[in-house]
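Student: Fold the following for me, if possible:
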Amino acid sequence: MTRQRSFKRLVRARMEKTGESYTAARAMLLAAEGPKATEGPALPMSNEAIRRRTGRGWEEWFDLLDEWGAEERPHRDIARWVAEEHGIEGWSAQAVTVGYERARKLRAVGQHAGGFAVSASKTVAVPVDRLYDAFVEESLRLQWLPDGELRERTATRPKSARFDWADGDTRVIVGFMEKGARKSAVAVQHERLPDAEAAERMKAYWRERVGTLKELLEG
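Tutor: Residues are numbered from 1 along each chain as shown. A predicted model of the protein is given here:
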């Protein structure tokens, strides 16, 4: 069997998108740097990070998975094989599996079992309680999210909040982190999006909205 078949395919797909040489495309992929999420294949993390977590780099994992016949197997079986046969913990086994599935075009970037998911984050120079209130207090939320409808499901002050989005089919999960007395960070994840087009649209939307939120709170 041709060695590194899947990884070479991933490199060539990036070359087609970016016009880079093989060497440059390979280096950027191994650094987990790539084009926009829905424009081309991307690895979940850098080669250095996956080696640190699992003891193997991406090219080694792709070799092993090709030889095992992972292309013909479902996600659950691949993740189980990585975990049980190679002693890799659950989260890292999932990362290896997702990276391989993207390379083999078995999974699009951002695609999960329940649909697509996108995220946006921002560090803001305000206390974490104020950042939390900007999401859960409707009167404050309307100042930076006037065209979005969030219906609260659960909330734990000042750590997290979960919402239904206006369409009723997708979910918004928000996490908050204190980074000092007057600095905090927010991470927004929008889940269950139906396709890559919706994912790209909502990713741009949330990046713009959290930017507006930062300007409002710091202004």
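
Student: Could you check how far residue 15 is from residue 26?
Tutor: 9 Å (C-beta to C-beta, to the nearest Å). The C-beta positions use only the backbone N, C-alpha and C, and glycine is treated the same way.

Student: Burial check on residue 9, number of neighbours?
Tutor: 14 (other C-beta atoms under 10 Å).

Student: Also residue 24?
Tutor: 14.

Student: so which strand or helix has it?
Tutor: Remark: residue 24 resides in helix 22-30, with elements defined by DSSP states H and E.

Student: Wait, residue 103 touches residue 8, no?
Tutor: No. Residue 103 lies out of contact with residue 8 (C-beta atoms under 8 Å); the separation is 9.4 Å.

Student: Between these two, tell me which one has more neighbours.
Tutor: Shown here are residue 103 and residue 8; by other C-beta under 10 Å, residue 103 has more neighbours (27 against 16).

Student: Leaving out sequence neighbours, find the closest residue to that one.
Tutor: Nearest residue to residue 103 in three dimensions, chain neighbours excluded: residue 10, at 4.1 Å (C-beta to C-beta, 6 or more residues apart in numbering).

Student: which SSE is the one you found in?
Tutor: Judged by DSSP H and E, residue 10 forms part of helix 5-18.

Student: list the buried ones in that helix?
Tutor: Burial within helix 5-18, assessed by neighbour count using 16 or more other C-beta atoms under 10 Å, is assigned to 5-8, 10-11, 13-15.

Student: ok, now stretch 67-85?
Tutor: Quick answer for stretch 67-85 (16+ other C-beta under 10 Å): 70-71, 73, 75, 78-79, 81-83.

Student: Pull the longest helix seen in the chain out as CSV, backbone CA atoms only.
Tutor: Using DSSP state H to define each element, the chain has its longest helix at helix 196-218. Backbone C-alpha positions of helix 196-218 (Å, rounded to 0.1, in the frame of the first residue of the first chain) are rendered in CSV as follows:
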residue,chain,number,x,y,z
ALA,A,196,-21.0,24.2,5.5
GLU,A,197,-22.6,27.3,4.0
ALA,A,198,-24.6,28.0,7.1
ALA,A,199,-21.4,27.4,9.2
GLU,A,200,-19.4,29.9,7.3
ARG,A,201,-22.1,32.5,7.5
MET,A,202,-22.6,32.1,11.2
LYS,A,203,-18.9,32.0,11.9
ALA,A,204,-18.5,35.5,10.2
TYR,A,205,-21.6,36.6,12.1
TRP,A,206,-20.4,35.7,15.5
ARG,A,207,-16.9,37.1,14.9
GLU,A,208,-18.5,40.4,14.0
ARG,A,209,-20.9,40.3,17.0
VAL,A,210,-18.3,39.6,19.6
GLY,A,211,-16.2,42.3,18.2
THR,A,212,-19.2,44.7,18.6
LEU,A,213,-19.7,43.4,22.2
LYS,A,214,-16.0,44.2,23.0
GLU,A,215,-16.3,47.7,21.6
LEU,A,216,-19.6,48.3,23.6
LEU,A,217,-18.3,47.1,26.9
GLU,A,218,-14.9,48.7,26.7
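
Student: Return the residues in contact with residue 185.
Tutor: 121-124, 176-177, 179 (C-beta atoms under 8 Å, 6 or more residues apart in numbering).

Student: try 6 Å this time
Tutor: 123, 177, 179 (C-beta atoms under 6 Å, 6 or more residues apart in numbering).
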